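> give me coordinates for this.
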Amino acid sequence: MRKPSSPKSSQKSFLKKFISSLIWLGTLPLCLYTILTYVLSYSLVIDHWLAGFIMMTMPYAQILCFISLFYWVFQRAKRALLPLTVLLLGYSFIQRSIVFNSPNPLVKNSVKVLSYNVYGMYSNNYEAKKESLAKLKAFMLDYTADIKCFQEFYSHTDRKPYRSISMMTEQYPNYAFIPLKEDLFDKNEKMGLAIFTKYPIIHKEGKQFANSANGYLMVDLVIKEDTVRVINLQLWSMGIRVGKVTGKIRDQDYEDAKKEGRGIIASMRKGFIHHRDEMNQINRLIQQSQFPVIVVGDLNETPYGWAYGTIRERLKNSFEEAGRGFGFTLNRSPYFVRIDNQFFSDDWNIVQFKTLRNIKYSDHFPLIADYSLKKNESGN
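Modelled structure (predicted):
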């Protein structure tokens with residue numbers, strides 16, 4: 001004869017079922033929301049700044065789906081199929097976060113491209129950063145690369161430590177430079193985007209984005225018998241300083257922490273709006289090019305945002321194709337993000353890609369990649 005359950009055990013059973021039902025009710029919208037982040041990143045069907053916020057939450061939604069999967073495996077295995085399916089649908093997005101590509105041997109006649117945000121070369125803090133500047137300049141000049149692209153490149157003809165263009169052209173005689181934020185500097189100083197190369201440049205153009213301190217610089221250059229296009233860009237900076245918020249919280253200044261948090265959200269909203277307009281211009285340069293294309297620069301956006309998604313529809317990402325690990329590129333808070341990138345058209349094969357995290361002379365890490373033209377590899 002079955003022993004009747006005690007009221008206490010019945011209460012525990014009811015509570016367990018109730019909690020399980022709540023978690024299931026949370027699992028359903030979570031999975032739908034995660035699928036929405038996939039759809040936006042695949043198709044960019046929503047041309048609105050809000051889509052940027054949604055797309056950036058993808059890794060967090062996937063983590064919650066994984067936790068949900070783990071829970072249901074041990075509670076009701078059939079229900080685990082839903083988060084498992086959602087995670088499998090988003091498997092291709094994992095490589096935006098982490099990759100395990102094997103290193104490839106270098107090939108003959110490959111083109112090495114360096115891209116690096118050099119933080120204005122400490123132009124606002126020279127006296128305190130003399131040693132850092134010396135190391136940064138040495139790296140910029142001496143690191144071996146065929147094409148060097150810099151963001152926030154600073155030059156001043158009247159300041160000996162900052163005769164940067166003259167310094168670089170000693171070894172890289174062909175260059176293009178577009179000064180940005182000219183209204184903030186006198187006539188002898190400039191800061192902006194620069195490209196230095198030993199290859200002949202047959203065309204160059206650049207533009208500062210409207211209502212922005214950033215822009216793009218494009219060159220068409222000749223490598224032996226081939227003409228290629230290189231675009232160096234820096235999109236609108238969202239000015240996200242997580243350290244300020246955490247600092248306010250540590251000091252128990254919660255009111256100011258809220259203000260900083262609201263400021264970050266407002267800045268991100270404005271950034272997504274600007275990125276949409278800025279990337280429309282970059283995409284036209286890519287689509288109109290009759291030459292193989294390489295795009296490098298500081299997107300000021302994570303791999304789950306609108307800018308990254310729209311350029312990835314047209315080009316391959318170098319980190320995803322040949323990188324290893326997480327590839328974080330920011331040398332300040334928040335450290336665990338990848339906002340600097342290199343992309344390439346299908347005319348190229350990528351041989352290797354590295355984030356040089358041992359080079360800590362800026363608030364960004366430099367990126368280096370080697371490319372080879374497919375038509376030259378095949379002997380055509």
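
> please enumerate the strands of the stretch 101-250 of the chain.
For the stretch 101-250 of the chain, the strands defined by DSSP state E, counting those that start in this stretch occupy 111-117, 147-156, 174-180, 189-197, 201-208, 215-223, 226-234.

> those helices in the stretch 201-350 of the chain, which residues are they?
242-250, 254-287, 306-312, 318-322 (DSSP state H, counting those that start in this stretch).

> in this protein, where is pLDDT below threshold?
Within the chain, the stretches with pLDDT under 70 are 1-9, 11-12, 14, 42-52, 238-271, 378-380.

> biggest helix in it by residues?
Using DSSP state H to define each element, the chain has its longest helix at helix 7-43.

> picking up where we left off before, closest to residue 370 out of the strands of the stretch 101-250 of the chain?
Ranking the strands of the stretch 101-250 of the chain by their distance to residue 370 (criterion: Cβ to Cβ) puts strand 111-117 first, at 5.1 Å. Where you see a C-beta, it was placed from the backbone N, CA and C, and this is true even at glycine.

> sheet partners, orientation included, of the closest one?
According to DSSP bridges, strand 111-117 forms sheet pairs with strand 147-156 (parallel), strand 367-373 (antiparallel).

> closest to the centroid, which residue in the protein?
For the chain, residue 339 is the residue whose C-alpha lies nearest the centre (Cα atoms, centre = their mean; 2.3 Å).

> ok, now which ones touch the residue nearest to residue 314 when sequence neighbours are not counted?
Distance criterion Cβ to Cβ, 6 or more residues apart in numbering; nearest residue to residue 314, sequence neighbours excluded, is residue 286 at 5.3 Å. Each residue near residue 286 by Cβ atoms under 8 Å, 6 or more residues apart in numbering is listed here: 231, 293, 295, 311, 314-315, 345.

> which of these has the largest number of neighbours?
If you count neighbours using other Cβ atoms under 10 Å, the busiest of these is residue 295, which has 28 neighbours.

> and that residue, bridged to which residues?
When bridges are called by DSSP bridges, residue 295 pairs up with residue 231, residue 343.

> that one: what's it in contact with?
By Cβ under 8 Å, 6+ apart, residue 295 lies in contact with 230-231, 233, 282, 286, 311, 315, 341-344.

> ok, the residues you listed vs residue 192, which is closest?
residue 233 (11.3 Å).

> can you get me a residue count around the closest one?
30.

> wait, residue 352 touches residue 372, no?
No. Checked against Cβ atoms under 8 Å, the pair residue 352 and residue 372 is beyond contact range at 10.6 Å.

> who's more crowded, those two?
Between residue 352 and residue 372, counted using other Cβ under 10 Å, residue 352 has the larger neighbour count: 20 against 17.

> quick check: that one is in a helix.
No. Residue 352: not assigned to a helix; according to DSSP: H, G, I helix; E, B strand; the rest coil it is strand.

> so residue 179 touches residue 192, yeah?
Yes. Assessed by Cβ under 8 Å, residue 179 is found in contact with residue 192 at 4.3 Å.

> quick one, which of those two is more surrounded?
It is residue 192, of residue 179 and residue 192, that has more neighbours when counted by other Cβ under 10 Å, with 25 against 18.

> give the contact list for that one.
Contacts of residue 192 by Cβ under 8 Å, 6+ apart are 152-153, 177-181, 206, 215, 217.

> swap the cut-off to 7 Å and go again
For residue 192, the contacting residues are 153, 177-180, by Cβ atoms under 7 Å, 6 or more residues apart in numbering.

> go on, residue 195?
The contact partners of residue 195, taken as Cβ under 7 Å, 6+ apart, are 147, 149, 175-176, 217, 219, 230, 232.

> how near is it to residue 332?
Separation of residue 195 from residue 332 (Cβ to Cβ, to the nearest Å): 25 Å.

> who is residue 115 paired with across the strands?
residue 149, residue 367.

> hmm, residue 343 and it touching each other?
No. If you go by Cβ atoms under 7 Å, residue 115 and residue 343 don't touch, sitting 10.6 Å apart.

> what is the burial count for residue 288?
Neighbours of residue 288 under the rule other Cβ under 10 Å: 8.

> check residue 366 too.
Close neighbours of residue 366, defined as other Cβ under 10 Å, add up to 26.

> what sits against the spatially closest residue to it that is not a sequence neighbour?
Counting by Cβ to Cβ, 6+ apart, the nearest residue to residue 366 once its immediate chain neighbours are dropped is residue 116, at 3.9 Å. Taking Cβ under 7 Å, 6+ apart, we find residue 116 in contact with 150, 362, 364, 366.
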